[in-house]
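>>> 3D, please:
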Amino acid sequence: MSCFSSGKSFAKIAAKMTAGVVLAALIAVNCPTAVNGAVTGKPEISRHDYKWDWVSVTEEFLTPLDDGGYMVFRLADRYLDVENFESETPYFVEYYDKSLKCVSEKRIKIELPVFGGFYADASGYYVLTGRENEKMSANVECFRLTKYDKDWNRIGSCGLKDCNTTYPFDCGCSMTAEGKYMAVRCGHSMYGGHQANVTILIDTSEMKILDSQYEVSNEVTGYCSHSFNQCVRIEDNHIIGVDHGDAHPRAIKLWHYGADIASGKFQNVAPKRYTVLPIGGAYEVFGNYTGATLGGFEISSSSYLIAGSSIDQDRFPADDNEWANSNLSRNIFVSVFDKSSGNVQIKWLTTSESGVEYSNPFLVKINDNSYAVIWSRTRKEDTVYYAFIDGKGNMQGSVKSAKGAVSDCQPVVSGNKIVWYGYDRVVLVGEDLLEYEGMHFYSIDLSDKSFSSKAVYDLDINQPKNGKASLPYLKAPAGEEITINVTPDEGYELSYILVNGKRLTGNKFTVPDEPVDITVNFKKEGSPNLDDVVNVGDYSYQVTNSDTEGAGTVMLTGVVNPVEAVVVPATIDINGYVYKVNRIGGTAFFEDQTVKTVYLNANVVVIDKNAFYGCPNLVKVSGGAGLKTIGDNAFARCPKLSSFIITSKVLYKIGAQAFYKDAKLKTIYIKNTTKLTKGGVKKSLKGSSVKTVKVKKSKIWKYKKFFKKSNSGKKVKVKK
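Next up is the predicted model:
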């Protein structure tokens with residue numbers, strides 16, 4: 001039976017499973033829910049925390065920089081066109097300063113279409129990629145390591161072909177380096193469909209593969225099948241690998257390779273092997289299910305430290321029926337291999353009962369005698385747990401907890417802190433594109449062991465016409481003051497800046513506790529500003545869009561010279577610039593004693609709340625071919641109003657009590673509109689004298705439902 005990587009569908013996985021394994025997996029699974037192509041919840045942790053019974057390749061990495069800042073490397077496009085991938089740039093790199101403001105970003109071109117891993121050291125950056133080989137060709141490069149300098153200039157690469165591989169990085173990947181030597185230990189699907197581990201030794205100074213192990217073998221040689229996760233380190237020129245196996249072996253096991261890698265080989269001397277967590281249950285019954293995870297491996301001066309989570313393996317159920325009723329907890333352990341004696345001791349950091357499941361932990365090396373273990377609780381990811389151990393695995397103090405999240409990013413030590421980042425959501429858009437939402441940086445202070453988190457928000461700015469606008473940062477934490485740089489073209493000047501829809505005074509703002517969307521607008525010199533109030537003819541207007549090239553709009557806000565017959569103009573001229581009159585403001589004709597008739601031009605889209613409230617002499621309202629919305633009480637308490645004829649085809653809302661106490665208004669004509677909704681006329685006729693609503697013939701039966709007393713507030717006839 002094969003283990004499949006995350007690139008395969010759950011349906012294919014389930015189809016390969018026995019009924020017993022499906023039962024166990026469904027109980028233990030920590031999978032996000034896909035809805036309409038979007039992954040919801042906090043799914044990124046599911047890759048490190050095992051999806052089904054095995055780990056998936058990590059896609060999020062953090063590298064501390066010499067200036068105190070950070071580099072984020074993450075995958076932005078998971079599933080590429082394997083035939084036409086050469087132009088793809090799926091790797092996203094972001095640079096943050098020490099205050100966590102994102103100062104720049106770049107995209108990195110792909111080498112091969114399947115992502116395996118990322119590694120950073122003093123010599124540069126390394127990206128491991130591969131290619132599927134379903135036809136089992138000896139000419140397909142299944143593994144490739146590419147080296148870059150610190151500016152992401154490509155230095156060189158080396159690859160592995162004819163290596164018994166149909167799918168690379170199937171269930172995990174680990175990379176490490178010491179001097180010029182790099183070791184890679186990962187999973188792969190082999191010819192015939194079986195899955196196991198792969199180990200590769202590379203000379204990074206020459207970008208040359210020195211040795212590799214990928215054939216079917218047995219555990220005597222360091223082979224593990226299935227290998228559900230792998231960790232690898234180099235100590236004194238010897239490779240040390242740790243694998244989580246479900247069958248051969250059914251254990252978490254450590255292999256210490258005997259060959260000195262300076263010889264160019266790692267497997268010409270048989271490795272010593274040690275079980276660091278025995279796994280119960282029969283493979284023939286439970287198959288892939290082991291009740292355990294492998295989270296990390298580090299080396300101290302005295303010990304090998306392996307962290308993971310596991311049920312009590314001594315209480316492993318005998319069969320599916322016993323398992324269904326067992327309610328075993330999955331607790332955090334550290335296996336300590338004493339290098340001098342060869343003894344293994346399993347130390348439990350948690351001992352919870354009654355079905356509690358802790359996530360696959362991270363193990364972080366602080367120094368040779370201090371380590372941190374960090375984890376969360378499966379399906380309850382709003383709490384971070386962490387504990388400190390010494391080089392012999394002894395816990396220093398007690399387990400601490402804080403509100404936060406563990407992600408797929410391996411925490412790193414930076415200065416006097418442990419730091420990692422994560423996202424509220426990772427959304428799969430369509431079939432392949434990953435969108436990351438709600439970024440947070442988390443840290444643990446190594447002085448007092450306190451935990452802190454900081455949300456970092458996107459800063460998006462439009463590119464306006466007639467000038468340029470820019471920001472010094474792409475993202476920033478809440479509370480940071482940001483200066484917007486604006487440069488108008490010749491003959492133009494700044495009109496306004498909106499930050500999340502609110503007008504900004506000046507060009508500085510403080511980042512709120514939410515993503516930021518900035519709109520910058522330039523106008524011709526001498527033209528009105530946004531929100532300027534001007535008098536033109538008999539009325540006053542407020543500028544609502546200061547564009548001078550055809551998109552400018554104004555709202556009629558009041559009367560300068562009272563008139564009986566109000567004709568709302570389609571446009572007005574301000575200093576030689578034309579603006580559409582598209583709105584009647586809420587106080588425009590409030591309790592106007594003079595107005596008798598109103599004609600609305602076709603540009604008017606909105607009549608605001610109370611716009612014509614309390615006009616004692618208003619008799620007739622007409623026009624409004626483009627009207628969409630009539631606000632609450634817009635024509636309330638107009639006792640002489642008797643004619644209301646609106647020609648709009650797009651009217652969809654008549655506000656509550658729009659005709660309240662209009663004693664003479666018996667019929668309203670809205671005969672052209674096809675856009676009314678039930679909610680759009682809720683309480684619209686409450687308190688009115690309207691008895692008939694004239695509508696389009698084809699809409700009579702539909703609108704009758706809308707104008708029932710229970711919805712519109714008054715029983716009326718709806719007719720043609």
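>>> quick one: buried residues of stretch 293-310?
For stretch 293-310, burial by neighbour count (16 or more other C-beta atoms under 10 Å) applies to 293-300, 302-310. Heads up, the C-betas are built off the backbone N, CA and C, glycines and all.
>>> Residue 278: neighbour count?
Neighbour count for residue 278, taken as other C-beta atoms under 10 Å: 17.
>>> That one is in contact with residue 251, isn't it?
Yes: between residue 278 and residue 251 there is a contact under C-beta atoms under 8 Å: 5.2 Å.
>>> got the contact list for residue 584?
Going by C-beta atoms under 8 Å, 6 or more residues apart in numbering, residue 584 touches 555, 556, 568, 600, 604, 606, 607, 608, 611, 612.
>>> Make a PyMOL selection of the buried ones in the residues you listed.
Here is the PyMOL selection string for the buried members of the contacts of residue 584, based on 16+ other C-beta under 10 Å:
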select buried, resi 555+556+568+600+604+606+607+608+611+612
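>>> Among the contacts of residue 584, which lie within strands?
Among the contacts of residue 584, the subset assigned to strands under DSSP state E consists of 555, 556, 600, 606, 607.
>>> In CSV, list the residues you listed along with distance to residue 93 and pLDDT.
Shown next, in CSV, are the ones in strands among the contacts of residue 584 (distance: C-beta to C-beta, whole Å; pLDDT from 0 to 100):
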residue, distance to residue 93, pLDDT
555, 46, 98
556, 52, 98
600, 55, 97
606, 46, 98
607, 52, 98
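>>> out of those residues, what pair is the most spread apart?
Greatest spacing in the ones in strands among the contacts of residue 584, by C-beta to C-beta: 555 and 600 (13.3 Å).
>>> How is the protein divided into domains?
Following automatic domain parsing, the chain resolves into domains at 10-449, 457-524, 545-719.
>>> any chance of those in CSV, plus distance to residue 530?
Below are those laid out as CSV (distance: least, C-beta to C-beta, whole Å):
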stretch, distance to residue 530
domain 10-449, 29
domain 457-524, 4
domain 545-719, 5
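>>> how about those domains, which one is nearest residue 534?
Of the domains of the chain, nearest to residue 534 by C-beta to C-beta is domain 545-719, at 5.6 Å.
>>> Between its first and last residues, how far does the closest one reach?
39 Å (C-alpha to C-alpha, to the nearest Å).
>>> Now do that domain: distance to the chain's middle.
Once both centres are worked out by C-alpha atoms, centre = their mean, to the nearest Å, domain 545-719 turns out to sit 43 Å from its chain's centre.
>>> do the same with stretch 135-154
Computed by C-alpha atoms, centre = their mean, the chain-centroid distance of stretch 135-154 equals 28 Å.
>>> Contacts for that stretch, please.
Contacts to stretch 135-154, defined as C-beta under 8 Å, 6+ apart, come from residues 93, 106, 108, 111-112, 116, 123-131, 133, 155-163, 165-166, 168, 182, 184, 188, 191, 198, 200, 202, 204, 207.
>>> And the average pLDDT for that stretch is what?
Across stretch 135-154, pLDDT averages out at 97.
>>> likewise stretch 449-462?
Averaged across stretch 449-462, the pLDDT comes to 96.
>>> buried residues in it?
In stretch 449-462, counting by 16+ other C-beta under 10 Å, buried: 451, 455, 456, 457, 458, 459, 461.
>>> now the residues you listed as JSON lines including distance to residue 706 and secondary structure?
Listed next are the buried residues of stretch 449-462 as JSON lines, based on distance: C-beta to C-beta, whole Å; DSSP: H, G, I helix; E, B strand; the rest coil:
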{"residue": "451", "distance to residue 706": "55", "secondary structure": "strand"}
{"residue": "455", "distance to residue 706": "44", "secondary structure": "strand"}
{"residue": "456", "distance to residue 706": "46", "secondary structure": "strand"}
{"residue": "457", "distance to residue 706": "41", "secondary structure": "strand"}
{"residue": "458", "distance to residue 706": "41", "secondary structure": "strand"}
{"residue": "459", "distance to residue 706": "44", "secondary structure": "strand"}
{"residue": "461", "distance to residue 706": "42", "secondary structure": "strand"}
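>>> Could I get those residues in CSV, plus columns for distance to residue 546?
Converted to CSV, the buried residues of stretch 449-462 look like this (distance: C-beta to C-beta, whole Å):
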residue, distance to residue 546
451, 48
455, 34
456, 33
457, 28
458, 27
459, 24
461, 18
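>>> re earlier: of the contacts of stretch 135-154, buried ones?
93, 108, 111-112, 116, 123-131, 133, 157-160, 163, 165-166, 168, 182, 184, 188, 198, 200, 202, 204, 207.
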